[in-house]
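K.L.:
Sequence first, then the predicted structure, then my questions.
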Amino acid sequence: MIFLIAVIVLLSYPLGKYMARIFMGKRSILDRFFGPVERAFYAMMGVNPREEMSWKEYLVALLFTNLLFGSIGFAILALQQYLPLNPNHAGPLPLPLAFTTTISFMTNTNLQHYTGELQLSYLSQMAAITFLMFVSAATGICAAVAFIRGIVNQNGKVGNFYRDFVISLTRLLIPISIIEAIVYVYLGIPQTFQGAVIAHTINMGNQTIFRGPVATLESIKFLGTNGGGYFGADSSYPFENPGPITNYLQMISEAIIPFGLIFSFGYMTRNMKEAKMLVAVTLSIFIIGLGIALYAETMPNPHLLSLPINQSAGNWAGKDTRFSIAESTFSLIINTYVQTGGPAVALNQMSPLSVASALFGMEIQGAPGGDGTGLINLIVYVLLAVFISGLMVGRTPEYAGKKLSTGVMRNAVLFVLIHPVIILVPLAVAAMMHIPPLIPMPPNEAFTALLYEFTSAAANNGSSFGYLVVTQTQNFFYYTEAVIVLSGRYGPIALALAMSGALSEVKPGSYRSVKITEEPIFAVFLFGFIVILSALLFLPVLALGPLAGYFG
């Protein structure tokens with residue numbers, strides 16, 4: 001695990017520099033390859049990539065693009081039985097499920113209330129699911145880049161969304177995904193248009209083995225911090241994750257852009273010292289969360305000590321024997337702390353303390369968080385910490401030499417409050433409805449399942465505790481989660497762009513204050529601020545759910 005974390009950081013550093021250069025418009029040798037393709041896209045869209053936008057124009061372009069591509073995805077899902085590339089004859093998808101699925105993948109959430117190999121055609125898997133994975137990842141990256149520009153610029157502009165969007169695809173997501181897909185095919189992940197095959201088993205039975213264009217989905221699933229699997233069993237299924245090597249590659253892939261964007265922030269603001277401080281804070285939170293989960297999974301379960309069970313090897317429940325307990329636990333934590341949502345474990349079989357750690361990572365959203373949105377969350381925490389520390393010492397709060405206005409701080413507070421509101425309100429409604437789980441379980445575990453479902457939706461994570469969506473309540477979950485994922489995605493992006501626009505109109509003061517955000521003492525303060533703020537918002541519900549299950 002130390003090796004994996006080191007590889008992630010070492011790969012993120014040059015990738016962050018590369019992303020900063022392409023979004024800053026610096027010339028490179030790659031221009032001759034990507035330039036003609038990008039110019040063709042601009043001509044098709046009828047946009048001028050050199051024309052900068054205000055934050056409102058940028059937000060409108062972002063929402064319009066997502067709405068357009070989401071509508072295409074919904075049409076494909078709703079009409080898949082009439083469209084080609086359906087060798088397994090997948091039938092119609094219920095419209096509420098098609099609607100929720102479209103919104104989920106459009107917002108980088110990727111919650112799945114369907115079984116992909118049974119209910120989706122190959123065209124739906126490619127042109128709706130995989131396609132929206134690229135769109136949502138590029139959207140998050142664009143929002144983060146615009147947010148950084150607002151800190152740097154002084155002209156009230158935050159860039160051109162269409163240029164950022166195209167560059168995110170042509171120079172970052174598509175090339176890396178192609179390389180990863182080829183590697184995955186070599187390592188055993190299927191990539192074919194042929195239909196399912198029938199295997200004759202040794203007990204004289206028949207088994208249907210599904211396949212399809214899996215490798216292309218898996219590559220952007222992790223690189224784009226999307227989550228959502230081709231198969232119902234997600235990354236624990238051998239065709240999505242054949243062995244330890246693919247498991248390592250997928251965990252590395254999902255973390256390099258979130259960490260890389262922190263380094264991009266350092267390059268674009270010309271303050272690499274602060275970027276390294278942010279990486280240190282982020283890694284500290286992540287490693288502590290990992291350590292808690294590892295402790296929970298490697299120690300004997302206290303509730304089973306009275307039974308004749310050998311627990312010397314740790315808690316193997318919910319884990320694939322192809323992977324060790326440590327690898328499986330690392331998969332859970334990294335998939336929740338970077339908001340990917342494709343862990344190679346059964347969540348409902350994990351220790352309650354591990355589930356609590358995973359929930360806390362989704363509640364923080366900035367350790368390091370998803371592609372783009374994680375960086376935004378982290379910088380908002382920095383703005384709030386700067387504001388509070390300024391009040392503590394009696395100084396006018398400043399960041400990057402710019403005074404933090406009342407409007408900026410009001411939006412920062414609203415930004416932080418959106419997340420608990422869209423989790424706790426539907427959680428309270430669902431708890432009062434006494435929704436029956438699919439299988440009997442203790443009250444605290446049923447509460448944990450509800451808490452995990454809504455937290456995953458709000459954090460645009462997409463992993464699921466399971467055993468919740470039954471026929472009587474499926475529409476409640478479909479529509480409630482649609483509202484949650486939309487609010488959890490576009491509400492924070494809108495507030496971030498508003499803050500970016502306000503900061504972009506502020507000129508640095510005539511004097512530069514001490515850059516406290518570069519100092520080790522601020523790193524300690526920021527670490528404590530993030531942990532304490534998140535605990536104040538979510539510790540009560542964690543105590544009622546997973547912590548009650550562990551200590552009760």
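P.N.:
Yep, it's here.

K.L.:
Quick check: pLDDT value at F360.
P.N.:
As predicted, F360 sits at a pLDDT of 96.

K.L.:
N460 too?
P.N.:
So N460 comes in at 91 (pLDDT).

K.L.:
That one is in contact with R489, isn't it?
P.N.:
Yes. Contact status for N460 versus R489: in contact at 5.6 Å, counting by Cβ atoms under 8 Å. To be clear about C-beta, it is placed using only N, CA and C from the backbone, and glycine gets the same treatment.

K.L.:
And the two? Which one has more around it.
P.N.:
Using other Cβ atoms under 10 Å, the more surrounded residue of N460 and R489 is N460, with 30 against 27.

K.L.:
for the residue nearest the centre of the chain, what are its contacts?
P.N.:
Nearest to the mean C-alpha position of the chain, counting by Cα atoms, centre = their mean, stands Q339 at 2.9 Å. By Cβ atoms under 8 Å, 6 or more residues apart in numbering, Q339 lies in contact with 108, 225, 227, 362, 365, 369-370, 373-374, 459-461.

K.L.:
Which of the helices or strands spans it?
P.N.:
Using DSSP states H and E, Q339 is not contained in any helix or strand.

K.L.:
Torsion angles phi and psi at it?
P.N.:
Here is the backbone geometry of Q339 (degrees, to the nearest 10): phi 60, psi 40.

K.L.:
same thing with K402?
P.N.:
phi -110, psi 140.

K.L.:
Which pLDDT value does the model give the residue of the chain most remote from its centre?
P.N.:
For the chain, the largest distance from the centre (Cα atoms, centre = their mean) belongs to M204, which lies 43.7 Å off. With respect to pLDDT, M204 scores 86.

K.L.:
contacts for stretch 401-415?
P.N.:
With contact meaning Cβ under 8 Å, 6+ apart, stretch 401-415 is reached by 151, 380, 383-384, 386-387, 390, 396-398, 492, 495-496, 498-499, 502-503, 506-509, 512-513.

K.L.:
Just the CA atoms of it, as CSV, please.
P.N.:
This file holds the C-alpha atoms of stretch 401-415, laid out as CSV (Å, rounded to 0.1, in the frame of the first residue of the first chain):
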residue,chain,number,x,y,z
GLY,A,401,-3.3,38.4,-2.2
LYS,A,402,-7.0,39.1,-2.7
LYS,A,403,-9.4,40.1,0.1
LEU,A,404,-12.2,37.6,0.7
SER,A,405,-15.4,39.5,0.3
THR,A,406,-18.7,38.8,2.2
GLY,A,407,-20.2,37.3,-1.0
VAL,A,408,-17.4,34.8,-1.4
MET,A,409,-17.6,33.6,2.2
ARG,A,410,-21.3,33.4,2.1
ASN,A,411,-21.1,31.1,-1.0
ALA,A,412,-18.4,29.1,0.7
VAL,A,413,-20.6,28.5,3.7
LEU,A,414,-23.6,27.5,1.5
PHE,A,415,-21.2,25.2,-0.4
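
K.L.:
Centre of the chain to whichever strand or helix holds A385, how far?
P.N.:
Assigned by DSSP H and E, A385 belongs to helix 373-393. In this view, helix 373-393 has its centroid 21 Å away from the chain centroid, taken as Cα atoms, centre = their mean, to the nearest Å.

K.L.:
and it, which residues are buried?
P.N.:
373-387, 389-390 (16 or more other Cβ atoms under 10 Å).

K.L.:
Next: stretch 116-136.
P.N.:
Using 16+ other Cβ under 10 Å as the test for burial, stretch 116-136 gives 116-117, 119-136.

K.L.:
Break down this structure into its strands, ranges please.
P.N.:
For the chain, the strands defined by DSSP state E occupy 197-200, 206-209, 398-399, 402-403.

K.L.:
buried set for the top helix by length along the chain?
P.N.:
Secondary structure assigned by DSSP state H gives helix 474-504 as the longest helix of the chain. In terms of neighbour count (16+ other Cβ under 10 Å), helix 474-504 has its buried residues at 474, 477-478, 480-482, 484-504.

K.L.:
So which elements touch that helix?
P.N.:
Counting by 3 or more Cβ pairs under 8 Å, 6 or more residues apart in numbering; DSSP states H and E, the packing neighbours recorded for helix 474-504 are helix 55-78, helix 95-106, helix 131-152, helix 373-393, helix 406-433, helix 443-458.

K.L.:
what is the mean pLDDT for the longest one?
P.N.:
On average, the pLDDT along helix 406-433 is 93.

K.L.:
now the angle between helix 373-393 and that helix, please.
P.N.:
120 degrees (axes from the mean of the first three to the mean of the last three Cα atoms, to 10 degrees).

K.L.:
residues of helix 406-433 that come out buried?
P.N.:
With the criterion 16+ other Cβ under 10 Å, helix 406-433 contains buried residues 408-409, 411-412, 414-416, 418-420, 422-424, 426-427, 430-431.

K.L.:
Same question for the second one.
P.N.:
For helix 95-106, a neighbour-count test (16+ other Cβ under 10 Å) marks 97-106 as buried.

K.L.:
likewise the first one?
P.N.:
Using 16+ other Cβ under 10 Å as the test for burial, helix 55-78 gives 55, 57-59, 61-62, 65-66, 69-70, 72-74, 76-78.

K.L.:
quick one: the closest residue to I484 other than its chain neighbours from M45, how far?
P.N.:
Distances taken as Cβ to Cβ, 6 or more residues apart in numbering place A457 nearest to I484, at 4.3 Å, with adjacent residues excluded. Distance of A457 to M45, computed by Cβ to Cβ, to the nearest Å: 31 Å.

K.L.:
of the two, who's got more company?
P.N.:
A457 (31 against 13).

K.L.:
give the contact list for that one.
P.N.:
So A457 contacts 104, 109, 111, 481, 484-485, 488 (Cβ under 8 Å, 6+ apart).

K.L.:
Also A199?
P.N.:
So A199 contacts 206-209 (Cβ under 8 Å, 6+ apart).

K.L.:
Would you reformat those as CSV and include neighbour count and distance to A446?
P.N.:
Formatted as CSV, these follow (neighbours: other Cβ atoms under 10 Å; distance: Cβ to Cβ, whole Å):
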residue, neighbour count, distance to A446
N206, 8, 37
Q207, 9, 34
T208, 12, 33
I209, 11, 35
